[in-house]
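Chemist: Provided below are the primary sequence and the corresponding predicted coordinates.
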Amino acid sequence: MGNSSYIEIRNYRDSRIGEVSRDHFRLNNLHDEIMKQVIDLAVCRTKEKYGSPPCSFSFFVMGSAGRSEQSIWSDQDHGIIYQELTPEAQAYFLELGMEITAGLYQTGYDYCEGGVMSINPMWCKSMFEWQQQLTNWILDSSFESIRYLLIFIDGRSIYGGNENIEKLKSIVYQTVHKEHLISKVLGNTLYLKKGVNILGNLLVETHGPYAGSFNLKEAGFFPYVNAVRLLAIKANVTGTSTLSRLEQLNEAGLSSIEKDIYKTLFLRLLNYRLLYGNHTDYKSGHYLPIQILSKEQNKELKSIIKNGAAFFRLVRRLIEKDD
Amino acid sequence: MDTIFLMNSMWVMLGAVLVILMIGGFILLETGSTRMKNAGHIAGKTILTFGIGSIIFWAVGFGLIFGSGNSLIGFSDFFYSGYDIDSLSLSGAVFFLFQLAFAGISLTIAFGGFAERAKLGAYLVFAVLFSVIVYPPIAHWIWGGGWLAEHGKQDFAGSTVVHLTGAMAALAATIILKPRIGKYNKDGSANNLAGHNQVFTALSVLLLWVGWFGFNAGSTLSVDKGFFGFVALNTNLAAAAGTVAAMIISWMVLGKADVPMMLNGALAGLVAITASCAFVDTWAAVLIGFISGILVFYSIRFFEKRKIDDPIAALSVHGTAGVWGTLSNGFFATKELATVGQPGLFYGGGLHQLGVQAIGVLACGAFAFIVSFILLSIMKAIMNGLRVSEEEEIIGLDMSEHGSYGYPELMKAEQKLNA
């Protein structure tokens, strides 16, 4: 790639996003392509300022990017794993993290409000420190540390190879099983925003700028994403997207009929967001103004939401039974 | 002196004390449902306007309501000096105080529509005007022997006289004052300007609930046969049913048991049963309260959608529930209990009483709204607006109208954070 500035990458994004904005898979490929261009440029710039990297490293994304479930607009969640534990390496990769974060922001990715970005020393560590940190999170098993673990589990390397992150994840999986922590992990995601009331109507926002819109992120995606992540941890599945995780699950977790049903529903949900979401900016992208849906679409969305909640309950029972 | 006279006086005096304590309930209700920066102002002005209302009631209000006059207005007994009243078997001064408390409550309800944006001066002037021109005529029509009393309208303790009148003045005020800054977005959607203290709001409901025993049961004006106990029982049942109904409906429709809504349900039950508490059976009290809890839920959403910004839900709690409560007599008043007017539709009275109740609601509601609207419009023109400036509204009425915050430490900390 020959992009010499983030503005150019931004222009590239803007020129391409329209043609892929109705296809979930092509859209996420474009996001990956853009993020890789940003990292290439950031690595170049850091080299110019501070010389070559002191050791090898890999860069991974988490959240919706990690799951390849980004919408038109997305925020940043990422980290760095570098090979050698030295003060120079730490300083260098934090600088690189800063450059990448700034670059991603300029190309249209909002900052992560929770600070899950490689400018944060917590998410920019040597391999050895990462192992320590993950083990500490597991042993601590507080609400906070399990939340970090869940974020990490959605991590996917997009630069520098996936060897490191796969190794770290397998440590996490092993320890979670050894310490019987899966029910604790379940406990972290039990709160579900209600999407449908007892009368069977979609529950929309009553106040604020998105009044009348449905919160797709919390009431729509969370139940599916969280349920499938739990099943993935249980079955040591390495995929990060909800669809690939479902694909990789063996029959012990879910029957193939169930898998197909939930895959279809989830894909429909992704399409509803792409086609009917309010894509003004990152925040608005989580909302769907339901008045633009036809009667049939409204009905289908309701069924996707209801099935998501039922799916989550099913997974909850599966986990609790085994524990 | 005769024992009954003394006991009646004692009982109604207790009622007056309870009703005046309801002002305390309204202080907590209104401050709890609004923001911190206006808390001191709201608490203080509530006491102040009760003071103004009291003096006006003594000077002219009582005479306009209960003085001898025609079917539209009374016109004697001004500057009441404490004498006994021939037709009453209780102390005249006690009766006076009890009635004064009611006028004070109606005025306090009206000011709910002013919350968080009206100038202090607007409160002062309207307190006088409402107490002379709006409340007395309606109270006279129904309780002072006016045309609606002759007509047989049933409003035992004032769903119409006190609550609907106050709510209609509040409606006129909210329309003229317009919504608070930040309540509505450009696209017309509403924001939730949440009240700063749900504990205050809950405590206010308890205070009002207990105070309502004075309001309703006290309105028997006598201890005869212990009938006040029955009235209090009905009152309690309706409040309970209103609470439960509002909780159920908000859970069904919104998916969560909304606390402010539940509390408004309790108050709606109380307002609704106020008209009918002495005329209906206990099961009807439960039903009346339950329906009012559901009505208040939809009413609040209705007004909000129509860009009528009613911070403490006065229009729905006192207006909508007041209308329903008054009409409910037309359905549920029993033969034995209907000492005024006729029994309701479900007790063989046909549509007659329902018609009487409806005319009463329409006449009183229209009068209170139109007169308040005209008075407030004139005030607006003369006083150079009823509303504080935008800057004053943003820093809060505690500071702009009184020079000190109700929560000084907290407000200082917040300003530091913003700076």
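Modeler: That came through, no problem.
Chemist: burial count for the residue nearest to residue A:250 when sequence neighbours are not counted?
Modeler: Nearest residue to residue A:250, sequence neighbours excluded (CB to CB, 6 or more residues apart in numbering or on different chains): residue A:235, at 6.2 Å. To be clear about C-beta, it is placed using only N, CA and C from the backbone, and glycine gets the same treatment. By other CB atoms under 10 Å in any protein chain shown, 15 other residues sit near residue A:235.
Chemist: does residue A:235 touch residue A:251 like I think?
Modeler: No - counting by CB atoms under 8 Å, residue A:235 sits too far from residue A:251 to count as a contact (10.3 Å).
Chemist: alongside chain B, which residues does chain A contribute?
Modeler: Residues of chain A lying close to chain B (CB under 8 Å from any CB of the partner chain) are A:194, A:196-199, A:201, A:203, A:206-212.
Chemist: ok, of these, which come out buried?
Modeler: A:196, A:203, A:206, A:209, A:210, A:211 (16 or more other CB atoms under 10 Å in any protein chain shown).
Chemist: for the closest residue to chain A within the stretch 301-419 of chain B, give its distance to residue B:264.
Modeler: Residue nearest to chain A within the stretch 301-419 of chain B (CB to the nearest CB): residue B:301, separated by 8.1 Å. Using CB to CB, to the nearest Å, we find residue B:301 at a distance of 12 Å from residue B:264.
Chemist: looking at those two, which one has more neighbours?
Modeler: Neighbour count, other CB under 10 Å: between residue B:301 and residue B:264, residue B:264 has more, with 30 against 16.
Chemist: returning to what we had before: from the buried ones among the residues of chain A next to chain B, pick the one nearest chain B.
Modeler: residue A:211 (3.6 Å).
Chemist: quickly find the element holding the closest one.
Modeler: For residue A:211, there is no host helix or strand (DSSP states H and E).
Chemist: quick one: the strands in chain A?
Modeler: A:57-61, A:74-75, A:78-82, A:109-110, A:124-126, A:156-159, A:213-215, A:287-289 (DSSP state E).
Chemist: of these, which stretch is the most buried?
Modeler: strand A:78-82 (a mean of 26; mean count of other CB atoms under 10 Å in any protein chain shown).
Chemist: tell me the angle that strand makes with strand A:57-61.
Modeler: Orientation of strand A:78-82 against strand A:57-61 (axes from the mean of the first three to the mean of the last three CA atoms, to 10 degrees) gives an angle of 160 degrees.
Chemist: direction included, what does strand A:78-82 pair against?
Modeler: strand A:57-61 (antiparallel), strand A:124-126 (parallel) (DSSP bridges).
Chemist: dump that strand to PDB, keeping only the CA atoms.
Modeler: What follows is strand A:78-82, C-alpha atoms only, in PDB (Å, rounded to 0.1, in the frame of the first residue of the first chain):
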ATOM      1  CA  HIS A  78      -7.000  -3.100  20.400                       C
ATOM      2  CA  GLY A  79      -3.800  -4.300  22.000                       C
ATOM      3  CA  ILE A  80      -0.200  -5.100  21.300                       C
ATOM      4  CA  ILE A  81       1.800  -8.200  22.300                       C
ATOM      5  CA  TYR A  82       5.600  -7.900  21.900                       C
END
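Chemist: which residues sit against that strand?
Modeler: A:53, A:55-62, A:65, A:89, A:93, A:96-97, A:100-101, A:104, A:116-118, A:123-127, A:130, A:152, A:155, A:164-165, A:168 (CB atoms under 8 Å, 6 or more residues apart in numbering or on different chains).
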